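Student: Provided below for reference: sequence and predicted model.
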Amino acid sequence: MLPPSMIRDWASRLIASEVDADPSSAQTEIATLRVYEKLRRQLCAPVGVDGFQALASRALSLAKSQSPRLSAVQVTANGCLRGFGENEFRLDTDEDGEVGIILIAQLLGLFLTLLGEAATVRLIEGAPLQIEVKAKLDTTGRSNFATGTSYFGPFEDILLEADQLRNVSERLETLVDKHVGIEEVMSVAGNIRNIATVLDVFTLIRSKAGGSQR
C-alpha cells in the first residue's frame, strides 16, 4: 500500500487539477466536492452504493479526528456529502485546501486497501476530469445519515481497536523523527497502519452485510 505521504500528495493533486480545470471557481471546497463526486461515481461500481457510503462514512470519521472543521459534515444515505462547501462552512483558502486534502486522502486510503493500488488508480484515471456536481445536498429526500462509527456489537469495538493501532503507528513515527538509528521502525509503523486500514474495510463490509449474523 502507498505510504500516507503519497496518498496525501495524490489527494492534493486531484483537488489541484479540479481548481485548474475551472479557474473561475477557484474555491477549493468546490474543487474538493468535485473530486469527491468523481470518486463516488467511479468507486460505487465495484462496491455498490451501500459499500461506498460505509467507506465514505469511515473516511469522514477519520478525517474529523484530524480536522474539527469537518464536524458538521455528513455522508448521506446515497454517499453524497452534506455540509461541505455550504455557507456555514467558510474557510480561508489555506484552511479549506487542507481540510479537503485530509478528507480525500482518507477516502483514497480505504479504497486502496480494499481494491489495491492498480485497480483504484485504473478506476480514477478512467473518470472524466470535469464533472457536474448536481447538488451539494442529498436530493433523494432521505434523511438517514452515517455520521461516524455508529455500528453495533463487535464492529464498533473493532473500529476503536483500529484507531488505537493508528495511534501506535503515529507515535512510532514520532520516535523515528526524534532519534537517529531507528529508521527501520518507520516500516513497522507503516505495517501497523495498514493493518488498521484493513480492519476498517473488513468491519465496514461485514457490518453492511449483516454483521456477525449467520
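Tutor: Cool, got the structure.
Student: now the strands for this structure?
Tutor: Listed in chain order, the strands of the chain (DSSP state E) span 74-75, 81-82.
Student: number of residues surrounding T174?
Tutor: When neighbours are defined as other CB atoms under 10 Å, T174 has 11 of them. Where C-beta positions appear, they are placed from N, C-alpha and C, glycine not excepted.
Student: could you check how far it is from R58?
Tutor: Using CB to CB, to the nearest Å, T174 is found at 24 Å from R58.
Student: pLDDT value on the spatially most central residue of the chain, please?
Tutor: Geometric centre of the chain, nearest residue: L107, 2.2 Å, by CA atoms, centre = their mean. pLDDT, L107: 94.
Student: pLDDT score for the spatially closest residue to T197 that is not a sequence neighbour?
Tutor: Leaving aside its sequence neighbours, T197 sits nearest to T113 (CB to CB, 6 or more residues apart in numbering; 4.4 Å). T113 carries a pLDDT value of 83.
Student: domain map for this structure?
Tutor: 1-147, 149-214 (automatic domain parsing).
Student: correct me, but the residue nearest to T197 touches D200?
Tutor: Yes. Using CB atoms under 8 Å, T113 is in contact with D200, at 7.5 Å.
Student: rewinding a little: name the stretch among the strands of the chain that sits most buried.
Tutor: strand 74-75 (a mean of 23; mean count of other CB atoms under 10 Å).
Student: what helices and strands are in contact with that one?
Tutor: In this structure, strand 74-75 packs against helix 28-66, strand 81-82, with contacts taken as 3 or more CB pairs under 8 Å, 6 or more residues apart in numbering; DSSP states H and E.
Student: what's the local residue count around Q164?
Tutor: 11.
Student: for it, give its distance to D157.
Tutor: Q164 is 11 Å from D157, by CB to CB.
Student: again with D177
Tutor: In terms of CB to CB, D177 sits 31 Å off from D157.
Student: looking at the two, which one has more neighbours?
Tutor: Per other CB under 10 Å, whichever of D177 and D157 has more neighbours is D157, with 13 against 8.
Student: for the residue nearest to L110 when sequence neighbours are not counted, give me its contacts.
Tutor: Of all residues not flanking L110 in the chain, L55 sits nearest, at 4.9 Å (CB to CB, 6+ apart). Going by CB atoms under 8 Å, 6 or more residues apart in numbering, L55 touches L43, V47, L107, L110, F111, L114, V201, L204.
Student: export those residues to JSON lines and append columns for distance to T32.
Tutor: Shown next, in JSON lines, are the contacts of L55 (distance: CB to CB, whole Å):
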{"residue": "L43", "distance to T32": "16"}
{"residue": "V47", "distance to T32": "21"}
{"residue": "L107", "distance to T32": "11"}
{"residue": "L110", "distance to T32": "17"}
{"residue": "F111", "distance to T32": "16"}
{"residue": "L114", "distance to T32": "21"}
{"residue": "V201", "distance to T32": "23"}
{"residue": "L204", "distance to T32": "22"}
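Student: fine, thanks again, bye for now.
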